[in-house]
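Chemist: coordinates for the following, if possible.
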Amino acid sequence: MSNVYTIAVVVGSLRKESINRKVALALADLAPANLKLNIVEIGDLPLYNEDIDGASPPAAYSTFRQQVSSSDAVLFVTPEYNRSVPAPLKNAIDVGSRPYGKSAWSGKPGGVISVSPGAIGGFGANHHLRQSMVFLNVPCMQQPEAYLGGAGTAFDEAGKLNESVKPFLQSFINAYGQWVEQHKKL
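Modeler: All right, here's what the predicted structure looks like:
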């Protein structure tokens, strides 16, 4: 692995102290040398509206699209809301996919990890997100699948990653590094 790839990390939770954000930061710390993970913020994106996305789109749209476009790959870290992705994440997907024919997502190797305090680890959100990525031409890593259930115990009171979770996250981010390397060479 000789290249270093920039990864746009999109965190589906907006909470400052969200478990998903903590997992995204832990993945950045555990990432192999060929990956540089950068969280791309989605909280300031206005709801997608084609009426405001004309010749002068909102600055937040343009900034977000540029950050995704300039990245080599994309990694989604998301909770599950009502068996789907949170509204801010869906909005970010829509903003990045426009204008039609100029999607910032297209062709970028993707990965998905869903993180939930619940037992099934955000399974519904994970698969719902993958469905959108198929349409957007984002080849998502299929294996290893990554569902982090019981995530309320993944970090201690000081925010340090629980050692029992570390091997799971390490295995995932290592496989994702190989996925990106493989797909960027195609």
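Chemist: drop to CA atoms for contacts and neighbour counts, all remaining ones
Modeler: Will do.
Chemist: mind listing the residues bridging to the one residue sitting closest to the centre of the chain?
Modeler: Residue closest to the mean C-alpha point of the chain, counted by C-alpha atoms, centre = their mean, is Phe76 at 1.4 Å. Assessed by DSSP bridges, Phe76 has beta-bridge partners Val10, Val112.
Chemist: for it, give its distance to Gly107.
Modeler: 15 Å (C-alpha to C-alpha, to the nearest Å).
Chemist: just give me the neighbour total for the closest residue to Lys108 other than its chain neighbours.
Modeler: In this structure, Lys108 finds its nearest non-sequential neighbour in Ala73, 4.7 Å apart by C-alpha to C-alpha, 6 or more residues apart in numbering. A count of neighbours around Ala73, defined by other C-alpha atoms under 10 Å, yields 30.
Chemist: please enumerate the helices of the protein.
Modeler: 19-30, 59-69, 87-96, 123-135, 166-184 (DSSP state H).
Chemist: so who does the residue nearest to the centre of the chain touch?
Modeler: Val9, Val10, Val11, Gly12, Gly110, Gly111, Val112, Ile113, Ser114 (C-alpha atoms under 8 Å, 6 or more residues apart in numbering).
Chemist: what about the first one, distance to Gln67?
Modeler: Which is Val9. Taken as C-alpha to C-alpha, the span from Val9 to Gln67 is 10 Å.
Chemist: more neighbours: which of these two?
Modeler: Val9 (27 against 17).
Chemist: and that one, what pLDDT?
Modeler: Looking at Val9, its pLDDT stands at 98.
Chemist: next: Leu37.
Modeler: 98.
Chemist: wait, doesn't it sit right on Val4?
Modeler: No. In this structure, Leu37 is not within contact of Val4 by C-alpha atoms under 8 Å, at 10.3 Å.
Chemist: name the residue most distant from the centre of this structure?
Modeler: The chain, farthest from centre, C-alpha atoms, centre = their mean: Ala55 at 28.1 Å.
Chemist: about what we covered before: tell me which of Leu37 and Val4 has more neighbours.
Modeler: Counted by other C-alpha under 10 Å, Leu37 and Val4 do not tie: Leu37 has more neighbours, with 21 against 14.
Chemist: for that one, which non-adjacent residue is spatially closest?
Modeler: Ile7 is the one closest to Leu37 (C-alpha to C-alpha, 6+ apart), at 4.7 Å.
Chemist: neighbours of the one you found, how many?
Modeler: 26.
Chemist: again, but for Gln143
Modeler: Neighbour tally, Gln143, other C-alpha under 10 Å: 11.
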